[in-house]
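# here's my sequence, what's the structure:
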Amino acid sequence: MSGHVRILVWLLTAAEDDLCFLLRSPLFLYAISPRLRHATNPLRVDGLIKAEDINIYALNMMIVRDDSSWATQLLYGGTSLIEGRQYITTEQAGFAQSFHWFRDEARFLNCEFHARELAAAEALGIAVSMKPAVVKPVQVDLRQTRARAAAQKQRRIVKLRIRYQMIHGRPVLMKGPR
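Model prediction:
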């Protein structure tokens, strides 16, 4: 696997968390609702779009070359929701930099909307108290080498499970334990 492909796989994996948060964020969905309505018929009668209304089969990523730039886009239907673009570049330079810009934009939007949701929760008085935990001092044995520490380290295997249910032919993520 080439170095560029490894970097792009890492960037896509890192962007997945940001995109998942954004597509479940009520504030983000409210902000992009005109684009979502333009992409499809009105999703709800009352005008509010919820995470359950998003058709995940209509989401796709496209990498395109326009004139003198590369663009990486997250599309819903045919409408661009998030875009990263590298201007004034050659075709031979490739799309990797536009992908970096896309990842940066997704990360920025994640931080922005997460902060806005926390501020709204604080204003409504429903924010969770985040008191700093008391940190116990760590005792370090200066005689122990990295190799010895690595040999003593126990490894754990973590299995991640995603629960979903098919509702009207669409997968919907389930919350909570079984």
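# for Leu109, what are its contacts?
Taking C-beta atoms under 8 Å, 6 or more residues apart in numbering, we find Leu109 in contact with Asp18, Leu22, Phe28, Ile82. Glycine gets a C-beta too; all of them are placed from N, C-alpha and C.
# tell me the SS of the second one?
When you say that, I think you mean Leu22. helix (DSSP: H, G, I helix; E, B strand; the rest coil).
# how about the nearest residue to it, chain neighbours excluded?
Sequence neighbours aside, Phe28 is the residue nearest to Leu22 in space, at 4.7 Å (criterion: C-beta to C-beta, 6 or more residues apart in numbering).
# what's the burial count for that neighbour?
Neighbour count for Phe28, taken as other C-beta atoms under 10 Å: 21.
# and it, that's in a helix?
Yes. Applying three-state DSSP, one finds Phe28 inside a helix.
# make sure it is actually in contact with Cys20.
No. Phe28 lies out of contact with Cys20 (C-beta atoms under 8 Å); the separation is 11.2 Å.
# mean confidence (pLDDT) on stretch 13-31, please.
Confidence over stretch 13-31 (mean pLDDT, whole number) is 85.
# for it, buried residues please.
Ala15, Asp18, Leu19, Phe21, Leu22, Leu23, Ser25, Phe28, Leu29 (16 or more other C-beta atoms under 10 Å).
# same thing with stretch 114-126?
His114, Glu117.
# just the CA coordinates of it, formatted as PDB?
Extracted in PDB, the C-alpha atoms of stretch 114-126 (Å, rounded to 0.1, in the frame of the first residue of the first chain):
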ATOM      1  CA  HIS A 114     -20.100  20.700  19.500                       C
ATOM      2  CA  ALA A 115     -19.200  24.000  21.300                       C
ATOM      3  CA  ARG A 116     -22.500  25.500  20.300                       C
ATOM      4  CA  GLU A 117     -24.400  22.600  21.600                       C
ATOM      5  CA  LEU A 118     -22.500  22.800  24.900                       C
ATOM      6  CA  ALA A 119     -23.200  26.500  25.100                       C
ATOM      7  CA  ALA A 120     -26.900  26.000  24.500                       C
ATOM      8  CA  ALA A 121     -27.000  23.200  27.100                       C
ATOM      9  CA  GLU A 122     -25.300  25.500  29.600                       C
ATOM     10  CA  ALA A 123     -27.700  28.400  28.800                       C
ATOM     11  CA  LEU A 124     -30.600  26.000  29.400                       C
ATOM     12  CA  GLY A 125     -29.100  24.700  32.600                       C
ATOM     13  CA  ILE A 126     -28.900  21.100  31.400                       C
END
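# in this structure, which helix is the longest?
helix 96-124 (DSSP state H).
# where does the prediction get shaky in this structure?
Within the chain, the segments meeting pLDDT under 70 span 1-12, 40-47, 127-162, 175-178.
# and the helices in it, which stretches?
So, for the chain - with DSSP H - the helices run 3-24, 26-39, 96-124, 146-152.
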